[in-house]
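Enquirer: With the sequence up front, the predicted model follows.
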Amino acid sequence: MNFASDHSQLSSSIPDAFGGPVGAPVGVFGTAQAHPLLNGLNEPQKQAVCLPAEHGLILAGAGSGKTRVLTTRIAWLMQTGQVSPQGILAVTFTNKAAREMLTRLSAMVPINVRSLWVGTFHGLCHRLLRTHWRAARLPETFQILDTGDQQAAIKRLIKAMGVDEERFPPRDMMHYINALKEQGIRSGQAEAHDAHTRRKVEIYAEYEAQCQREGAVDFAELLLRAYELLQQDEALRTHYQQRFRHILVDEFQDTNPLQYAWLQLLCGPQTVIFAVGDDDQSIYAFRGADVANMRAFERNYAKGNVIRLEQNYRSHGNILTAANALITNNADRLGKNLWTDAGEGELIRVFQGVSDLDEARYIVDEIRELTREGLPRHQMALLYRSNAQSRVLEHALFQAGIAYRVYGGLRFFERMEVKHALAYLRLIANQDDDTAFLRVVNFPTRGIGARSLEALQLEARQLNSSLYNAAASLTGKAGTAVGQFIRMIEGLRTETTGLSLPEVIDHLLDRSGLRQHYQAEKDGQDRLENLEELVNAAATFADDPEAAHNIDRDTGEATSLLADFLAHAALEAGEHQAGDQDEAVQLMTVHSAKGLEFSAVFIVGLEQGLFPHENAMMARDGLEEERRLMYVAITRARQRLYLCHAQTRMLHGQTRYCLPSSFLDELPEALLQRINTVPAWSAGSYSTGWSEAPAVDMTTRVSARAAGAAESAGGFHVGQNVVHTKFGAGVILAAEGRGEEARVQVRFGQAGTKWLALAYAKLEAV
DNA sequence: TCTTCAGTATTTTTT
DNA sequence: ATACTGAAGA
C-alpha cells in the first residue's frame, strides 16, 4: 500500500470537516437556515449550530467535527445578531483548545476576537479574581501556586505544625485538599469521623490560613474562590448572569462538580448553555471529572435537546466498527454509534511479541516499511498506557536511527532554573510569598543555612508575618546574610522600576547571581539557555496582544504586566520540552493523545494489568474508564491501526509474564489481522480464544530465546506450568538468581502469585 | 555546603 | 531497572 497516494485518495473521499462540500441540504430543525457559515456542515452539525436559544447538549463523537461546531455556533450567534461578542462565554480545559477556538473564530468572523471571553476554567476564574480581588477577599498581588508550589507549601506547613510526615504525606494531603475543593468543600464543612481524618481536616484548615496569609492561590482555589465570589456577591452574580447570554462548554464530560456548579451559578434566567462532550471519551475521573454531570445537564437543562454527532471524518470503517464494538461493553452510556462513508479500509493488525523488546523491534520494522510507503513520520504515533513504557520504544527507535518525539515530562515554566528566576520575580511582586522566598533565599547559596531559616520561621510565626517581613525586621540588628538578601530584593524592586518586563528579568538574573551560578556550573549550559529563553518569553509576552487581553474591559483598569506574566507562567506551563523534531514519530500516553489524530497508530502493551491497568481496578468503574481509554486510543487512527502486546515485559526491574488484554477479546475477530502467533504458554483458565492457534507465520524476530532462556533457573523457565505440594498448579511468571539464590515467581490458581526459593519450595514441572 | 548512600515508590494530567 | 527523596558523612 502506498500511503502517499492513499492519503490523497482518502482526503477526497472523506469530506473534510473543516471545509467540505458546499451546498449541502439545509436542516429542518428549529431555525436552521441557509447561511454561509453553515456551508459544508452535515445535518446534525447544522442543527447543533442553529439550535434555538435553549440549553442544549451535543454528544460529539470522536472525529465528528466538534470544535468546528462549537466555533461555528459562536460565529453564527454573533452574525445573526443573536448576541454581541460581550455576551459570549466559551470555556475549555486547555489553553491549546482555547487558542484553537480563537484562531478559527478570527478566520470566520471579522470581529476582534479579543473581546470574547474564551478561555480555560482556570484562566477565566483567575480573570474574575484579578478584577474583583477585593470582593474575593484576596490581596491585589495574589500569586498562583502550581502543583509543585502547592506541595512545597503543604510540606512546609506540615513541618511547621509538627505533624508526622510519614502518616500525613504532603502528596496525599495535597490530593485530599484538592479533592475536597473540587467538590466545593471548605475545611469547615469537611466530614471527619475518625482521628486521622480530623487531623487531615485540621491541616486543610491551616493550609487555607497559610495561603490567605501569603496571598497564595492554588489551581483548585481559583475555581472555588471564583465560585464563592459569585455565590456570595449577588450584585456581581447578577451582573455576569445578565452579561453572558450564551455559555459554551467544551469537553463537558471532563467537568468536575465544582466546575459544573460554577457554570450553574453563571447561568441566569436569560442564559443559554451549549455543552459539547462525549461520555465515551471521559478518561479523567481520577482527577475529579464526573461524567454524571452530562446526565444531570441533560435532565435539568437540555431536557431532550440532545444532538448526536456520529458521522466520523477521521477513520476508516473497520477502525470505527472496532471502537463501537469495544465501547458497547460499557453500561450507562448516553449512547452513540460512529459511522463513516470512507469505506472499510484495512484490517486492524494484531501483533504478539515474545517480549517488550520483540514488540519494539516489530514496531521499528513497521515504521521503516510505512516510511518506505511514503507516510511521513509525524503521521505515526506510538500510544501507551504508562510513561514507563516509552523507554524500550525510545531505545529501539534510537538504535534504528528513527527520529522520534516523546510527549510528557517537564515543561518550560516547570524547569528548576526557570522557577528560580520566577521566584525572584514573585518576591518583587508580592513579598509575602513564602514559597518563593524559601525557594531562592539561599539559591544561589549565600550562606543562609537551616539554622538561620529556623530562627527566621520562628520569628515570622511570632510576628504572624511573612518570612520576608520577619527578615526585614531582623535586619536592623546586623548585616547578616539574610539582611543582604532582603536588601538585594529591595534593590531589585527599586532598580527595576521603569524597566520593561524582559529588562527586569535580565537584570534580576545578574543581580541574584543566577546567571553567574549557572555559568560556573559545568552542566549549566542548557539551564543558562533556558534563562535567556525566559527573557525572550517575557519580551514576547510584553509585545503580544495577549497581554492586552488582560486589560480588564469592565473597569478599564490595566493590570500589571508583571502580575500577568507570572499568572501566565503558572496557568500555561508552556510547551513540553522533549526534542521537537518535525519529521518525528510521536510517542505519548493515550491520555495525551486525546484530541489528536494520526494516519498510523500503534497501541502498545495491550496486556492484562497494563492496559487495562491493574491499579485502575481499585477505582469504581475502573474497568469502564480503561475501556474508554482504549476507545480513545483506537479512534486516534485514520487509516492503519496496530495493536501490540508482548508475552513478557520488564517491569520494576523484573520480567513479568503477561496475558493479552481483555480488550482484544472485545474486538470482532473479522476486523483483525493476526500478524503472527507464538506458542501458547498459558494454563487453560486464561485462554484468550486464540492461543491454541498453530504457530504459523512465525517471524524470525520472534525467537523464544529472547525471554525464555535468559529467565530460567534451576531447570525451570518462565511460562512453564508447575505444581506445588501446597498451592497446587501454577505458571511461572518470572525467575531470578542462580543456584542457591534462585527464586521463581509463580501464579497459582487459588493461592495467588508468590515468590518461591527453589532451594526450599517443592516445585514440580508439569 | 556538597556529596553520597540508602530507602522508596512506580497509571493516567491540566490548570 | 531507575529515578527521586531525605538524611548522614567529607
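Expert: Received the coordinates, thanks. Here the structure is a predicted model, which is why all the values come from computation and not from measurement.
Enquirer: C-alpha from now on. contacts and neighbour counts both.
Expert: OK.
Enquirer: mind listing what's buried in stretch A:355-367?
Expert: Neighbour-count burial for stretch A:355-367 flags A:355, A:356, A:357, A:358, A:359, A:360, A:361, A:362, A:363, A:364, A:367 (criterion: 16 or more other Cα atoms under 10 Å).
Enquirer: Show me what the host helix or strand of residue A:69 is packed against.
Expert: Using DSSP states H and E, residue A:69 sits within helix A:66-79. Helix A:66-79 is packed against helix A:43-49, helix A:95-108, with contacts defined by 3 or more Cα pairs under 8 Å, 6 or more residues apart in numbering; DSSP states H and E.
Enquirer: which of those helices is buried the deepest?
Expert: Ranked by mean neighbour count, the helices and strands packed on helix A:66-79 are led by helix A:43-49 with a mean of 24 (mean count of other Cα atoms under 10 Å).
Enquirer: can you count the residues close to the closest residue to residue A:514 other than its chain neighbours?
Expert: Leaving aside its sequence neighbours, residue A:514 sits nearest to residue A:444 (Cα to Cα, 6 or more residues apart in numbering; 6.2 Å). For residue A:444, the count of nearby residues is 16 (other Cα atoms under 10 Å).
Enquirer: got a list of what residue A:444 touches?
Expert: A:512, A:513, A:514, A:517 (Cα atoms under 8 Å, 6 or more residues apart in numbering).
Enquirer: Please pick the buried ones from these.
Expert: Buried among the contacts of residue A:444 (16+ other Cα under 10 Å): A:512, A:514, A:517.
Enquirer: which one among the residues you listed gets closest to residue A:303?
Expert: Set against residue A:303, the nearest of those by Cα to Cα is residue A:514 (58.7 Å).
Enquirer: Distance check, the residue in the stretch 651-766 of chain A positioned nearest to DNA strand B against residue A:388.
Expert: DNA strand B sits closest to residue A:652 of the stretch 651-766 of chain A, with a gap of 4.7 Å, by Cα to the nearest atom of the strand. Noted for residue A:652: a distance of 10 Å to residue A:388, by Cα to Cα, to the nearest Å.
Enquirer: And residue A:39, by the same measure?
Expert: Counting by Cα to Cα, the gap from residue A:39 to residue A:388 is 46 Å.
Enquirer: What parts of chain A come near DNA strand B?
Expert: A:93-96, A:120-123, A:146-147, A:219-220, A:286-287, A:385-388, A:408, A:442, A:445-450, A:570-573, A:588-589, A:591-592, A:613, A:615-616, A:618-619, A:652 (Cα under 7 Å from any atom of the strand).
Enquirer: Can you get me a residue count around the closest residue to residue A:177 other than its chain neighbours?
Expert: Take residue A:177 and drop its neighbours on the chain: the residue closest to it by Cα to Cα, 6+ apart is residue A:204, 6.2 Å away. As a burial measure, residue A:204 scores 24 neighbours (other Cα under 10 Å).
Enquirer: looking at this, residue A:204 is in a strand?
Expert: No. In this structure, residue A:204 is helix, not part of a strand, as judged by DSSP: H, G, I helix; E, B strand; the rest coil.
Enquirer: That one: what's it in contact with?
Expert: A:173, A:177, A:187.
Enquirer: Pretty sure the first one sits against residue A:201.
Expert: Meaning residue A:173. No. Contact criterion Cα atoms under 8 Å: residue A:173 and residue A:201 do not qualify, at 9.5 Å.
Enquirer: of the two, who's got more company?
Expert: residue A:201 (22 against 19).
Enquirer: Hmm, residue A:186 and the more buried one touching each other?
Expert: No. The pair residue A:201 / residue A:186 is not scored as a contact, 9.2 Å apart, by Cα under 8 Å.
Enquirer: All the strands of the stretch 101-250 of chain A, in order from the start?
Expert: Along the stretch 101-250 of chain A, counting by DSSP state E, counting those that start in this stretch, strands occupy A:117-120, A:143-145, A:216-218, A:246-249.
Enquirer: wait, which of those strands is closest to DNA strand C?
Expert: Per Cα to the nearest atom of the strand, nearest to DNA strand C of the strands of the stretch 101-250 of chain A: strand A:143-145, 16.6 Å.
Enquirer: which secondary structure elements does the closest one contact?
Expert: strand A:216-218, helix A:561-571.
Enquirer: which ones are touching the closest residue to DNA strand B within the stretch 1-150 of chain A?
Expert: Residue nearest to DNA strand B within the stretch 1-150 of chain A: residue A:94 (3.1 Å; Cα to the nearest atom of the strand). Residue A:94 makes contact with residue A:120, according to Cα under 8 Å, 6+ apart.
Enquirer: For the stretch 51-200 of chain A, just list every one of the helices.
Expert: A:66-79, A:95-108, A:121-131, A:147-160, A:170-182, A:195-214 (DSSP state H, counting those that start in this stretch).
Enquirer: Mean pLDDT for those helices - can I get that in TSV?
Expert: As requested, the helices of the stretch 51-200 of chain A are arranged in TSV below (pLDDT from 0 to 100):
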stretch	mean pLDDT
helix A:66-79	96
helix A:95-108	94
helix A:121-131	97
helix A:147-160	94
helix A:170-182	96
helix A:195-214	95
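Enquirer: and those as a markdown table, adding distance to residue A:628?
Expert: A markdown table is the format used below for the helices of the stretch 51-200 of chain A (distance: least, Cα to Cα, whole Å):
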| stretch | distance to residue A:628 |
| --- | --- |
| helix A:66-79 | 18 |
| helix A:95-108 | 21 |
| helix A:121-131 | 24 |
| helix A:147-160 | 27 |
| helix A:170-182 | 22 |
| helix A:195-214 | 33 |
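Enquirer: Identify whichever of those helices lies nearest to residue A:239.
Expert: That would be helix A:121-131 among the helices of the stretch 51-200 of chain A, by Cα to Cα, at 12.3 Å.
Enquirer: Extract the CA atoms of the closest one and return them as PDB.
Expert: Extracted C-alpha coordinates of helix A:121-131, given in PDB (Å, rounded to 0.1, in the frame of the first residue of the first chain):
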ATOM      1  CA  PHE A 121     -12.000  27.400  33.500                       C
ATOM      2  CA  HIS A 122      -8.900  28.400  35.500                       C
ATOM      3  CA  GLY A 123      -8.000  31.300  33.200                       C
ATOM      4  CA  LEU A 124     -11.500  32.700  33.400                       C
ATOM      5  CA  CYS A 125     -11.700  32.300  37.200                       C
ATOM      6  CA  HIS A 126      -8.400  34.000  37.500                       C
ATOM      7  CA  ARG A 127      -9.600  36.900  35.500                       C
ATOM      8  CA  LEU A 128     -12.600  37.200  37.700                       C
ATOM      9  CA  LEU A 129     -10.500  37.200  40.800                       C
ATOM     10  CA  ARG A 130      -8.000  39.700  39.500                       C
ATOM     11  CA  THR A 131     -10.800  42.000  38.600                       C
END
